[in-house]
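Participant: got a structure for you, letters missing:
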Ligand SMILES: NC(=O)c1ccc[n+]([C@@H]2O[C@H](COP(=O)([O-])OP(=O)(O)OC[C@H]3O[C@@H](n4cnc5c(N)ncnc54)[C@H](O)[C@@H]3O)[C@@H](O)[C@H]2O)c1
Ligand SMILES: [Zn+2]
C-alpha cells in the first residue's frame, strides 16, 4: 500500500467510503443489505487501515467515525441523552498461539491493564446478539418510550411497535428502580420464528426474510404495529443508559442482575471472566455452543465490569475503549453457483440444491445450499454462474438467500424444474397450488426406498409387526432389501446377520448373544409378522404401495368400485377419473404408477410371494351408470369438441368403432358443429390418438363385462341402478325414458334418496333436483342419459 501513489490512495479511500455509505443505507435504513457483513467488515477494515496510515485522508464524516445511519422511516425522532455507540471489533488472525491469533483482544486487554494499572481485570462477557439495538425508557416503573439507535445521537420512536414485543416489560417488577431508567438491549428474531415465517412465506409465494437480523430490524421498523406483532420478536437487555432519581450497582454484571430482577430477559450466556485467558476461554466456549443457540450471534462482547474503570477508559469517536466485540466467522458469505441439481428426499420431495464453489461459512466449508423449492428459485432468480450469498446458522441447512444480480455474467439462463426424477427417471409431479414437486417413482425410487418400506410395513398398511425404522435402515443400507417384495424372501439367518451388522455399525452391544445362546425369538417373530401380512385386504395393499396421492380413503374407493387389483392396475386414466373423489391429478398418478415397468415388477413379485386379498370382489354395478362413450371422448380431450358435442355423438354411436367408421358429414347431421367435426376427423384419423382411446374403451368394456347380473349381463345391463326422472325431457319424454331404462334392467323411482344412482333433470326441474343436490346425488342432463341408453341398447 505504501507504494501506491497518493492520488490512487485518495481515490481508493473515496471509493471505499462510497461503498460503505451505500451499504450502511441498505442495511440501516432499508433493512435490505446487498452485501454480507463479512464483505462490509472487509471494506471497513481496509478504510480504517488507509486512514490510520494516512491520517491526512481521514475526514470527520468518514464512516469509520460514525455510528449506523440516520433513518428516515416516517417515525418521530428521539434524541438520545446518552449516545448509543458502536463497538470496536476484533477478528481472529493467522498466527501461532492465542496472543498472536487474538492479537486485537490482547491489545485491548493490555491497554486496560496499563491505563488502570490493574492486573487481569474483570470483564462482563456476553454473546453479541445479531439484531437491532434499542433503548427503552421507564418513568416511575412504566415503559414510556422506545427508540432505535439510528446514528447513535438520534433514533426513531418505535414505542408502539415495542409494546407488541412480549419480552419487553411494560411495567418493572420488584422495587428499588430509579425514577427514570433507560434500558438498552437487542431486539432479535429467534431461529424458530424466523424459520416459521419463511416456511409460510415460501408456501404462499411471498418474499422471504434474508436472515433473522433483517427480520428483526424490518419488523420493528414497520409503520403498522399490527405487523410487528405478527412477526414474533424477542428481546435481551445488555446495558443501561440514563439513570435519574436512583442508584445502580457499581458494576455492569450486578446491573444486569438487577435488570433480571426487574423483569428484563438477560441472556443466560452472560457471565464474568478475568484477563486475556478468561476472555479467550469464554470466546471458545460460546463458539462451540453457537450452533445450538436459539438465535444468531456474530461474536461475543467483552466489557470492563466496573463503571469507575469504564469512566477512566473513556471513548474514541464511535466506540468505548472499555469494551470490544470479538467476532466469530461470519454466517453469510458470497460464492458462485456451479450447478443447480435436484435432490430427492425420503418422501420423494424434489428440492433444488445449488452446488457452490467451496466457501467457509461460520467455520465450515460449504459446497451445497438448499434452494427450498422451484418457486423460491424463481423468486430469487438464481442461475448457474451467479454470485450468491449463502447463509449457514445453527443446525439449519445452508441456504441461498440472495443473488448479486449486478455481478451476473452474460448468457445465463433462468432455471426450470426438470420433468423427471434424477434418481429413478419417474415423472416429477406437483399438486395444484403446492410448492413442492415430488418424484412419482415411489417403490422403485432408490431415494425413497426406506420411507417406502416404513410406509409399506405401517400398521394401517401391511401391518408388519416389529419392522421398525432401525431395521429398515439396516436392511436397505446392507443391501438386503431393494423393494418391499424382498422382505418376503428373507430368512432367519438373513435377519440375524443384518442385526449383527447393525449392532456393529451403531456400536451397540449385541443383544443377540445372551448367556452364550443366540437369541432368535425376535427374528422368528418378525418372520411371523411378515408371513401374517400376506393375508391382507385390497385397500390396505393399495395404500401400502405408497402411490402418490393415494391415501386410505382413495384406496378404499378404488377397491369398492373396481373390485379387483387386476382392474385397478389396468384401468386407464380417463376411466379412473369418473370414480368419486378421483380428480385428474390422482387418476394420472394411479395410472402412471401402474404403467411404470419397475412398479409392475414389484407388484408382480409381491403377488408371487403369496399375498392374497380377503376382499376382492366384482366391480361395482354402479359403474354401469358411469361408463359410456361420452366419458371416453370427453376425457380423451378431443380438441375443440365440447362436452355437449361429445354427448350428442354418444347418443348416436355406442362405441368407438362405429364412430371411427362414421364420417364428418354424419357427425354434422348428428348435431356436431362442422369445425368440431373436422377436428374430430383429424383426431380419429391419427392412429396415435386411437390407441389409448381403444385401450380405454376395452378396459371400460372389461369392467362392465365383469359386473355380475342375475338376469344375465346382455339383457339387463343396467341392473342395480336406481334412477329418478324430473322436469321435461325434450327428446325422450319421461315415459319413454322410463320404459327404455327399465328395459335395460334399471329401476326408475319417484323419489330421491341416498340410494339413487343419479337424477336426470330436464327443463324446469323442481324439488327433486333440490333434493338431489342436498344429498349429493349425481345430476345428469338428458344428453348423458341418451348416451347411456345408446351404449347399452346397442349391446342388448
Ligand atoms: N451487510 C451490510 O451491508 C452491513 C452494513 C452496515 C453494517 N453491517 C454490520 O453491522 C456492523 C456494524 O454495525 P455496528 O456499528 O452496529 O456495530 P456492531 O453491530 O458490530 O456492534 C455494536 C452493536 O452490537 C450490538 N450488541 C449485541 N450484543 C451486545 C452486547 N451484549 N452488548 C453490547 N452491544 C451488543 C448492539 O446492537 C450494538 O449496537 C458491521 O460489522 C456489519 O456486521 C453490515
Ligand atoms: Zn425418483
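Facilitator: Alright, I've got the coordinates. No experiment lies behind these values; they were computed from the predicted model shown. Ligands and ions are numbered 1, 2, ... in the order given.
Participant: Helices of the stretch 651-796 of the chain, start to end?
Facilitator: Taking DSSP state H, counting those that start in this stretch, the helices of the stretch 651-796 of the chain run over residues 656-661, 664-669, 674-685, 687-706, 734-743, 767-775, 782-795.
Participant: check contacts around residue 299.
Facilitator: By CB atoms under 8 Å, 6 or more residues apart in numbering, the residues touching residue 299 are 89, 128, 325, 326, 327, 328. Using the backbone N, CA and C atoms, a C-beta is placed for each residue, glycine as well.
Participant: List the contacts of the fifth one.
Facilitator: Think residue 327. Counting by CB under 8 Å, 6+ apart, residue 327 makes contact with 41, 89, 90, 91, 92, 128, 298, 299.
Participant: Compare the helices of the stretch 651-796 of the chain and give me the one nearest residue 726.
Facilitator: In terms of CB to CB, the element of the helices of the stretch 651-796 of the chain nearest to residue 726 is helix 767-775, at 4.0 Å.
Participant: ok, the contacts of residue 327 vs residue 669, which is closest?
Facilitator: residue 298 (80.7 Å).
Participant: May I have the phi/psi pair for that closest one?
Facilitator: Main-chain torsions, residue 298, degrees, to the nearest 10: phi -110, psi 10.
Participant: what's the pLDDT at the closest residue to it other than its chain neighbours?
Facilitator: Excluding its sequence neighbours, the residue lying closest to residue 298 (CB to CB, 6 or more residues apart in numbering) is residue 130, at 4.6 Å. On pLDDT, residue 130 comes in at 97.
Participant: Am I right that residue 130 is in contact with residue 297?
Facilitator: Yes: using CB atoms under 8 Å, residue 130 is in contact with residue 297, at 5.9 Å.
Participant: Between the two, which has more neighbouring residues?
Facilitator: residue 297 (25 against 21; other CB atoms under 10 Å).
Participant: ok, the closest residue to that one other than its chain neighbours - contacts?
Facilitator: Leaving aside its chain neighbours, residue 297 sits nearest to residue 127 (4.5 Å; criterion: CB to CB, 6+ apart). By CB under 8 Å, 6+ apart, the contact list for residue 127 reads 267, 269, 270, 286, 293, 297, 300, 301.
Participant: Serialize those to CSV and add fields for distance to residue 15.
Facilitator: Output for those, formatted as CSV (distance: CB to CB, whole Å):
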residue, distance to residue 15
267, 39
269, 39
270, 40
286, 36
293, 37
297, 31
300, 32
301, 31
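Participant: Tabulate those residues in TSV, adding columns for secondary structure.
Facilitator: TSV is the format used below for the contacts of residue 127 (DSSP: H, G, I helix; E, B strand; the rest coil):
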residue	secondary structure
267	coil
269	coil
270	coil
286	helix
293	coil
297	strand
300	strand
301	strand
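Participant: from those residues, which is closest to residue 219?
Facilitator: Distances from residue 219 to those, taken by CB to CB, are shortest for residue 297, at 18.8 Å.
Participant: for that closest one, which residues make a bridge with it?
Facilitator: Beta bridges link residue 297 to residue 129, judged by DSSP bridges.
Participant: dump the residue contacts of it.
Facilitator: Residues near residue 297 by CB under 8 Å, 6+ apart: 127, 128, 129, 130, 286, 290, 328.
Participant: With residue 336 instead?
Facilitator: Counted by CB under 8 Å, 6+ apart, residue 336 has contacts 356, 357, 385, 386, 387, 388.
Participant: Could you export those as TSV, including neighbour count, pLDDT and distance to residue 610?
Facilitator: Below are the contacts of residue 336 laid out as TSV (neighbours: other CB atoms under 10 Å; pLDDT from 0 to 100; distance: CB to CB, whole Å):
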residue	neighbour count	pLDDT	distance to residue 610
356	21	98	50
357	12	98	54
385	15	97	55
386	23	98	55
387	17	97	59
388	26	97	54
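Participant: Give the rounded mean pLDDT of whatever helix or strand residue 52 lives in.
Facilitator: Element membership of residue 52, judged by DSSP states H and E, is helix 37-53. In this model, helix 37-53 has a mean pLDDT of 94.
Participant: one step back: which one of the contacts of residue 336 is nearest ligand 2?
Facilitator: Nearest to ligand 2, judged by CB to the ion, of these is residue 356 at 24.1 Å.
Participant: Look at the closest residue to the closest one other than its chain neighbours and give its secondary structure.
Facilitator: Once flanking residues are discounted, residue 356 sits nearest to residue 335: 4.9 Å by CB to CB, 6+ apart. What three-state DSSP gives for residue 335 is strand.
Participant: cool, the one 3 residues further on as well?
Facilitator: Assigned with three-state DSSP, residue 338 falls in the strand class.
Participant: Bridge partners for the nearest residue to it once chain neighbours are set aside, pull those for me.
Facilitator: Excluding the flanking residues, the one nearest residue 338 by CB to CB, 6+ apart is residue 355, at 4.8 Å. According to DSSP bridges, the residues that bridge with residue 355 are residue 339, residue 368.
Participant: doesn't residue 340 make contact with residue 355?
Facilitator: Yes: between residue 355 and residue 340 there is a contact at 7.3 Å, judged by CB under 8 Å.
Participant: picking up where we left off before, now the helix or strand just after the helix holding residue 52: average pLDDT?
Facilitator: Later in the chain than helix 37-53, the nearest helix or strand by DSSP H and E is strand 77-79. Averaged over strand 77-79, pLDDT sits at 96.
Participant: so what secondary structure elements neighbour strand 77-79?
Facilitator: strand 154-156 (3 or more CB pairs under 8 Å, 6 or more residues apart in numbering; DSSP states H and E).
Participant: Please pull up the helix or strand immediately following the strand it packs on.
Facilitator: helix 159-162.
Participant: what comes into contact with that following helix?
Facilitator: 134, 136, 143-147, 168, 187, 219-222, 225, 228.
Participant: sorry, back to before: please list which of the contacts of residue 127 are also close to ligand 1.
Facilitator: residue 301 (CB under 6 Å from any ligand atom).
Participant: which SS state does the residue nearest to residue 297 fall under?
Facilitator: strand.
Participant: And residue 326, by the same measure?
Facilitator: Under three-state DSSP, residue 326 comes out as strand.
Participant: Bridge partners for it, pull those for me.
Facilitator: residue 90, residue 300.
Participant: Which parts of the stretch 301-450 of the chain are strands?
Facilitator: Using DSSP state E, counting those that start in this stretch, the strands of the stretch 301-450 of the chain run over residues 323-327, 332-344, 349-361, 364-370, 387-391, 399-403, 428-430, 437-439.
Participant: where's the residue nearest to the spatial centre of the chain relative to residue 436, distance?
Facilitator: For the chain, residue 199 is the residue whose C-alpha lies nearest the centre (CA atoms, centre = their mean; 5.6 Å). Counting by CB to CB, to the nearest Å, the separation of residue 199 from residue 436 is 12 Å.
Participant: what do you get for residue 542?
Facilitator: On the measure of CB to CB, residue 542 and residue 436 end up 23 Å apart.
Participant: So the two - more neighbours on which side?
Facilitator: residue 542 (24 against 19).
Participant: Relative to ligand 2, how far out is that one?
Facilitator: Distance, residue 542 to ligand 2, by CB to the ion, to the nearest Å: 20 Å.
Participant: Quick check: which element contains that residue?
Facilitator: With DSSP H and E as criterion, residue 542 is part of helix 538-544.
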